[in-house]
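Student: Here is my input; please provide its structure:
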Amino acid sequence: MSNNLKLLLLHLDSYNKNSFIYKLHEDDIFSTSLFFEFILEIQKYKELDGQFKIELVRILLYFLTTLMYHFDPDNQSITKLPINFREKMPNYVDVVEFLILKIVARENIDNDYIIDLLEE
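Tutor: Reported below is the predicted structural model:
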């Protein structure tokens, strides 16, 4: 297993207390730095085996669902958001949507597009 794959698997591990998903779900914290690490690990992959691809898409969809639920007025449980999160959230959603579409279509991921969106 490559080091890149090991890093990506750590980000997908819901029991890893240092993963983006764990912080978001368990600690109610949106960590911009962990989100960037997570996305930049994902975009390194061009071809994924079927089971891993399904798990990766499931996690990306979970992220989008989590954002939707946490911004529901009756369930705003993410208490630690970056200061400029509301302005940047559409970019985060665009990046995740872009990755899902590219993974499912087995198309190359345009790294420049992702980095541009994350840096805006």
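Student: I103 touches K53, doesn't it?
Tutor: Yes - contact status for I103 versus K53: in contact at 5.9 Å, counting by CB atoms under 8 Å. (Glycine included, C-beta is placed from N, CA and C.)
Student: what about the two, which has more around it?
Tutor: Counted by other CB atoms under 10 Å, I103 and K53 do not tie: I103 has more neighbours, with 22 against 15.
Student: For the helix or strand containing the more buried one, which residues meet the burial criterion?
Tutor: In this assignment (DSSP states H and E), I103 forms part of helix 85-105. Within helix 85-105, the residues that count as buried by 16 or more other CB atoms under 10 Å are 88, 92, 95-96, 98-100, 102-103.
Student: Can you spell out which helices and strands pack onto the helix or strand following it?
Tutor: Moving toward the C-terminus from helix 85-105, the next helix or strand (DSSP H and E) is helix 111-119. In this structure, helix 111-119 makes packing contacts with helix 32-42, helix 85-105, judged by 3 or more CB pairs under 8 Å, 6 or more residues apart in numbering; DSSP states H and E.
Student: Where does pLDDT dip in this protein?
Tutor: 1-5, 11-12, 14, 44-50, 70-79 (pLDDT under 70).
Student: ok, 80 please
Tutor: Across the chain, the ranges flagged by pLDDT under 80 are 1-15, 24-25, 28, 41-55, 66-83, 85-86, 106-120.
Student: ok so, going back, which residues touch the helix holding I103?
Tutor: 30, 35, 39, 42-43, 45, 48, 53, 56-57, 60-61, 63-64, 67, 82, 107-110, 113-114, 117-118, 120 (CB atoms under 8 Å, 6 or more residues apart in numbering).
Student: one step back: okay if I get the buried residues of helix 85-105 as TSV plus distance to Y15?
Tutor: Formatted as TSV, the buried residues of helix 85-105 follow (distance: CB to CB, whole Å):
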residue	distance to Y15
K88	28
Y92	23
V95	25
V96	22
F98	28
L99	23
I100	23
K102	27
I103	23
